[in-house]
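Visitor: Turn this into a model:
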Amino acid sequence: MGIVILKGILLGLSIGFFFGFGPAFFAIIQTALYRGFLRGALMAFGVFLSDSLMVILTLLGATSILKNIENSEAMGFIGGFVLISFGIYIFRKKTMRTPSEEKKELDIRDPHPATYPFKGFLLNIANPFIWLFWAGVVMGVAAPFKEHTTSLILFFSATLLTIFTTDLTKVFISHKIKSIVNDRFLMGVNRVAGLGLMGFGVYLIVKTLLVIIGG
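Guide: Purely as a prediction, here's the structure:
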């Protein structure tokens with residue numbers, strides 16, 4: 001069992017540090033910089049929940065759902081517009097390193113912490129490529145385990161918890177960086193994060209259109 005857990009941790013580290021730079025990454029970092037560690041961590045938790053749901057559905061044999069998402073033109077457009085909307089909102093957002101009286105106003109407008117897990121969940125689960133990514137990972141990993149359900153549960157539990165840990169690490173670093181950067185840097189982060197999210201959204205819509213045209 002120890003080997004199974006170790007393999008899951010190694011996969012989680014690989015995904016977290018080498019493949020964990022999608023739309024959710026930009027949103028988590030931006031949230032940690034502007035809203036603090038707690039809210040960034042809550043958004044990362046929402047991403048963790050959505051990843052867990054995708055893995056569970058695939059393990060339960062929900063391949064028909066995954067195929068429908070892969071072939072769904074509506075899902076491609078909806079996911080793309082959701083990402084673009086998030087990107088525009090973040091791109092236009094002003095920096096939040098403000099004097100004390102402005103910070104007091106910010107605290108009043110700050111969304112309730114409970115909304116951040118939902119945002120992370122929605123942002124991650126709206127991307128069909130994340131579904132397909134997890135479907136490929138699960139189907140590729142599940143074959144060697146065959147009927148060993150306990151090993152599969154341990155493996156993916158270790159993988160998902162490791163990814164969540166890497167996301168928390170990114171949140172922590174981002175939160176610490178906030179104390180040594182200026183408004184101009186933070187505005188740049190907003191621009192990059194917003195453009196990144198919009199870029200993913202546009203790519204998703206264009207890819208969907210190409211599928212329609214090619215079909």
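Visitor: The residue nearest to the spatial centre of the chain sits in which helix or strand?
Guide: Residue closest to the average C-alpha location in the chain (Cα atoms, centre = their mean): residue 24, at 2.9 Å. Per DSSP states H and E: residue 24 is located in helix 23-35.
Visitor: So which bits of the following helix or strand past that helix are buried?
Guide: For helix 23-35, the following helix or strand on the C-terminal side (DSSP H and E) is helix 37-59. For helix 37-59, burial by neighbour count (16 or more other Cβ atoms under 10 Å) applies to 37, 39-52, 54-55, 57-59. (Glycine included, C-beta is placed from N, CA and C.)
Visitor: Assign residue 111 to helix, strand or coil.
Guide: Classification of residue 111 by DSSP: H, G, I helix; E, B strand; the rest coil places it in coil.
Visitor: Report how many residues lie close to it.
Guide: 11 (other Cβ atoms under 10 Å).
Visitor: Repeat that for residue 31.
Guide: Around residue 31 there are 26 residues (other Cβ under 10 Å).
Visitor: quick one, what contacts it?
Guide: By Cβ atoms under 8 Å, 6 or more residues apart in numbering, residue 31 lies in contact with 39-40, 43, 116, 171.
Visitor: can you give me the helices in this protein?
Guide: Remark: helices assigned in the chain by DSSP state H are 2-18, 23-35, 37-59, 63-71, 73-92, 100-109, 115-125, 128-145, 149-178, 183-214.
Visitor: Now mean pLDDT too, for those helices, in TSV please.
Guide: Shown next, in TSV, are the helices of the chain (pLDDT from 0 to 100):
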stretch	mean pLDDT
helix 2-18	83
helix 23-35	79
helix 37-59	91
helix 63-71	51
helix 73-92	72
helix 100-109	45
helix 115-125	89
helix 128-145	71
helix 149-178	87
helix 183-214	76
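Visitor: And the contacts of residue 31, which is closest to residue 124?
Guide: residue 43 (9.6 Å; Cβ to Cβ).
Visitor: Find the nearest non-adjacent residue to the closest one, please.
Guide: Nearest residue to residue 43, sequence neighbours excluded (Cβ to Cβ, 6 or more residues apart in numbering): residue 120, at 3.8 Å.
Visitor: measure the residue lying closest to residue 32 once chain neighbours are set aside to residue 87 for me?
Guide: Once flanking residues are discounted, residue 32 sits nearest to residue 40: 3.0 Å by Cβ to Cβ, 6+ apart. Using Cβ to Cβ, to the nearest Å, residue 40 is found at 18 Å from residue 87.
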